[in-house]
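Undergrad: quick one, structure for this:
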Amino acid sequence: MRDILAALAVAVCCLPAAGGFAPAGAFGAIAVGETANGVAKDGVAMGWSISYSTQAEAEAVALKNCKNYKSAPKAALQCILIGDVKANQCFAIALDPKPGTPGVGWAIADDQSTAESVAMANCKVTASSERAQFCAVSDSKCDGK
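TA: Reported below is the predicted structural model:
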């Protein structure tokens with residue numbers, strides 16, 4: 001999980017923050033859960049929210065969605081917030097769709113194309129060389145766009 005969180009930290013930290021007044025419905029968040037056994041063994045749980053009126057509400061919804069992720073129940077027990085989606089930002093999640101594979105990535109960016117590209121690149125980094133080509137965007141949303 002450290003590798004995945006490090007990849008996300010690079011993706012999020014290198015993007016400019018949205019400034020100024022945030023309009024109503026301008027908050028979102030991403031939460032991820034992974035066990036010490038890793039994505040290939042126990043899967044990954046993910047939850048997200050977009051266009052909520054407060055950051056606290058967006059974070060609570062993302063965590064709830066992650067913890068209720070049925071496809072990876074062990075991973076769902078480990079859910080943590082990993083990023084906030086600000087006004088007019090986008091997020092994307094990319095996964096290798098085959099069960100038992102480690103490929104997963106996500107990103108937050110100022111536009112959907114960049115979020116998807118970075119999420120795909122992060123997925124390919126975590127996937128094995130034989131599976132990198134199978135990474136695909138599973139979720140991609142923008143706030144206020």
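
Undergrad: nearest residue to the residue sitting nearest the centre point of the chain in space, please, no chain neighbours.
TA: Centroid-nearest residue in the chain: residue 106, 4.1 Å away (criterion: CA atoms, centre = their mean). Closest residue in space to residue 106, ignoring its immediate chain neighbours: residue 93 at 4.6 Å, by CB to CB, 6 or more residues apart in numbering. For the C-beta atoms, the positions are set from N, CA and C on the backbone; glycine is no exception.

Undergrad: which residues sit against whichever strand or helix holds that neighbour?
TA: Following DSSP states H and E, one finds residue 93 within strand 90-95. The contact list for strand 90-95 (CB atoms under 8 Å, 6 or more residues apart in numbering) reads 28, 30, 44, 46, 48, 50, 83, 85, 103-112, 114-116, 118-120, 122-123, 135-143, 145.

Undergrad: so which of those residues sit within helices?
TA: 112, 114, 115, 116, 118, 119, 120, 122, 123 (DSSP state H).
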